[in-house]
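Colleague: Please work out how this folds:
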Amino acid sequence: MTDSSATGATAAGDLDLTAHGHEVAPGLYNEDLRPIHPVHRTWNQRAYLTLWVAMCMNAATWTLAASLIALGMDWIQALFTIVLANLIVLIPMLLNSHAGAKHGISFPVFARAAYGVRGANLPAVMRGLVACGWFGIQTWFGGLALNLALGALIGSSWQNASTVNLGFFGTLPWTTLLCYLVCVVVQLAIIIRGFDSLRKFQAFAAPLVLGSVAVMIVCLLFMTKGNLGPVLNEPSSLGWGHDFWVKAFPPSLMANIAFWSTLSLNMPDFTRFAENQAAQRRGQTWGLPTTMLLVSFMAVLTTSLAAQHYGVEPAALWNPDQLVSRFGSRIAVVIGALVIVVSSFQTNTAANLVSPALDFSNALPKLINFRTGAIIAAVIGTLFLPWKLLASPEAYVFVWLGFYGGILGAVGGVLVGDYWLRRKTHLRVPHLFRYRGDYHYAGGWHPRAVIATILGGFFAVGGAYSAVGADGHKTGPFPADGMIPFLKPLYDYNWVVSFLVGMIAYWLLTLSERTPYETEPFDALHTRATDFDNPTKEDSTP
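Modeller: Residues are numbered from 1 along each chain as shown. Now for the predicted structure:
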């Protein structure tokens, strides 16, 4: 595998479309979207395991257990909810990953089979915009940590910097804004060098972050003389009855499923580099649920130990920045804060820049390449105003995670229904790059896929509601009785509802459609050569 697989620079030996006589439409192809030739599929099981370790070790993951404990769960209930959610989301993740590994195609190209060569822009842009939002959130975490490190080094002149009034965008210290922008630029510098650069960065960053947290836990254990602290000793205020299983567990489970639900869609972006199916399947099966359990437990244990040692409430330490700021040594604060920065980068570059860069490139392949797409994603992520989104934990967990997870679940259901139930994993890959081919449908759109997606989203989030707090006020933007009251009970199970309705609706709607059961790879089975710069009239139809 070469960096050119992500940046569009063709290296010697890479697959050449014209030389192999492929009929492709320029409006559907650029070098960043091309299928990966088997020669360049080199990622092994360890690469995918490292990928998930790197993506899970971040501030947002670190605080997941905190949000559940704040609802009244004890640490065992919180970890149980997190692990079960990741085992569930692993299922569609592996099902969609199969297409990348078998056919060497990215997510937006894969989506063309179900949604049409034009219609694929609908799920791609939906997924891309969500990734942009996550990019802003993760970069904000990284910027806060960088600001903390510089404040520890420079002192009060940095820590007490004046604020900048950005109007609608809010009021921020200029130092914090600068740190955020620096983090944006550094991450772009990493990702635009290509997938091989990303893989090398994560191979370095993942053990560094994991090892640093392990050292911190050992030090805290010595300082507390083995007293594990209040979080591990505090019982659940919900118990194991109705309050847990009916009130708190369903929406918490759905929110945690939604946390990685977007990756369940675009994992083909990474599995197209897999040396075989076993490599990506085993690497992900071990990597995702195991690492999420480990990171969540480390977060609980570290927070509990630190609360015991420093004599403060755990709620004041769940945020990694707040935890690191308690360190007595200036050097320890700087090192700890920089580790948070690295953890933010390793997650963000893979999970939240790769997908939108390819998704936006898919929308306008002649105008937007991978580099340009990454820059667009960074700009949009900033416009999401992550500092405002994170101001309300309720909005973060139940609106941001729950609502978008419910909508995107239907996309996953349509993709699984098309690839596994309808096509039995067969794809005619060259037709994914052609107008008037097998995946053109009606003007490039597959109306039945769009209908199935709308149905899935409607039943999943149509009943979106906001709970009423103890003070009698709503905790979110939705009506207390639900936007559509009779659908309110389904909202607590929104991702599962969305996925199943989308999959079943798509399968039923397409029962009457003819489906060719054959696999046609990109580098064979072609007899009529077409010059890429002068495509046939049929394949140049816009």
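
Colleague: In the stretch 201-350 of the chain, where is pLDDT below threshold?
Modeller: Of all residues in the stretch 201-350 of the chain, none has pLDDT under 70.

Colleague: For it, which segments count as helices?
Modeller: 230-233, 242, 249-266, 268-271, 277-310, 320-325, 330-348 (DSSP state H, counting those that start in this stretch).

Colleague: Not counting its neighbours along the chain, what's nearest Pro521?
Modeller: The shortest distance from Pro521 to any non-neighbouring residue, by C-beta to C-beta, 6 or more residues apart in numbering, is to Val429 (5.9 Å). Every residue, glycine included, has its C-beta placed from N, CA and C.

Colleague: residues near that neighbour, how many?
Modeller: 22 (other C-beta atoms under 10 Å).

Colleague: Please apply the same query to Glu31.
Modeller: Glu31 has 19 nearby residues by other C-beta under 10 Å.

Colleague: Ile36 too?
Modeller: Neighbours around Ile36, by other C-beta under 10 Å: 24.

Colleague: you'd agree it is up against Thr271?
Modeller: No. Look at Ile36 against Thr271 with C-beta atoms under 8 Å: they stay out of range, at 9.9 Å.

Colleague: tell me, what's touching these two both at once?
Modeller: Counting by C-beta atoms under 8 Å, 6 or more residues apart in numbering, Ile36 and Thr271 have no shared contacts at all.

Colleague: check contacts around the residue nearest to Leu305 when sequence neighbours are not counted.
Modeller: Closest residue in space to Leu305, ignoring its immediate chain neighbours: Leu220 at 3.8 Å, by C-beta to C-beta, 6+ apart. Leu220 makes contact with 302, 305-306, 309 under the criterion C-beta under 8 Å, 6+ apart.

Colleague: how near is Leu220 to Ala332?
Modeller: Using C-beta to C-beta, to the nearest Å, we find Leu220 at a distance of 12 Å from Ala332.

Colleague: what do you get for Lys225?
Modeller: In terms of C-beta to C-beta, Lys225 sits 20 Å off from Ala332.

Colleague: try Ala120
Modeller: Per C-beta to C-beta, Ala120 is found 49 Å from Ala332.

Colleague: higher neighbour count, those two?
Modeller: Per other C-beta under 10 Å, whichever of Ala120 and Ala332 has more neighbours is Ala120, with 28 against 15.

Colleague: that older thread, closest to Thr163 out of the contacts of Leu220?
Modeller: Nearest to Thr163, judged by C-beta to C-beta, of those is Ala306 at 29.5 Å.

Colleague: Does the closest one touch Arg326 like I think?
Modeller: Yes. Ala306 is in contact with Arg326 according to C-beta under 8 Å; the separation is 6.6 Å.

Colleague: quick one, which of the two is more surrounded?
Modeller: Applying other C-beta under 10 Å to Ala306 and Arg326 shows that Ala306 carries more neighbours, namely 27 against 16.

Colleague: Once you drop chain neighbours, what's closest to that one?
Modeller: Leu317 (5.1 Å).

Colleague: likewise Leu338?
Modeller: Ala149 (5.4 Å).

Colleague: Just give the number of residues close to the one you found.
Modeller: Neighbours of Ala149 using other C-beta under 10 Å come to 23.

Colleague: okay but the residue nearest to Pro521 is in contact with His103, surely?
Modeller: Yes. Contact criterion C-beta under 8 Å: Val429 and His103 qualify, at 5.4 Å.

Colleague: Now list whatever residues contact both of those two.
Modeller: Common contact partners of Val429 and His103 (C-beta under 8 Å, 6+ apart): 35, 521-522.

Colleague: Export the residues you listed as TSV, with columns for pLDDT.
Modeller: Formatted as TSV, the shared contacts of Val429 and His103 follow (pLDDT from 0 to 100):
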residue	pLDDT
Pro35	92
Pro521	82
Phe522	79
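
Colleague: how about a markdown table for these, with neighbour count, distance to Ile82 and secondary structure added?
Modeller: Conversion of the shared contacts of Val429 and His103 to a markdown table gives the following (neighbours: other C-beta atoms under 10 Å; distance: C-beta to C-beta, whole Å; DSSP: H, G, I helix; E, B strand; the rest coil):
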| residue | neighbour count | distance to Ile82 | secondary structure |
| --- | --- | --- | --- |
| Pro35 | 22 | 35 | coil |
| Pro521 | 17 | 39 | coil |
| Phe522 | 25 | 39 | coil |
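
Colleague: Closest one to Lys488 out of those residues, please.
Modeller: Nearest member of those to Lys488, counting by C-beta to C-beta, is Pro35, at 44.3 Å.

Colleague: And the next helix or strand past the helix or strand hosting the residue nearest to Leu338?
Modeller: Following DSSP states H and E, the helix or strand that holds Ala149 is helix 121-154. Downstream of helix 121-154, the next assigned helix or strand under DSSP H and E is helix 156-159.

Colleague: which residues are in contact with that next one?
Modeller: 147, 150-151, 175.

Colleague: Roughly how far does Arg448 sit from Val416?
Modeller: Counting by C-beta to C-beta, the gap from Arg448 to Val416 is 15 Å.

Colleague: just to revisit the earlier point, list the contacts for the residue nearest to Pro521?
Modeller: 35, 103-105, 520-522.

Colleague: same check, this time on Leu301
Modeller: 217, 228, 232 are the contacts of Leu301 under C-beta under 8 Å, 6+ apart.

Colleague: Likewise for Ala101?
Modeller: With C-beta under 8 Å, 6+ apart, Ala101 has these contacts: 41, 268, 271-272, 274, 276-277, 279-280.

Colleague: State the next helix or strand along the chain beyond the helix or strand hosting it.
Modeller: Under the criterion of DSSP H and E, Ala101 resides in helix 75-103. The C-terminal neighbour of helix 75-103 among helices and strands, as given by DSSP H and E, is helix 107-115.
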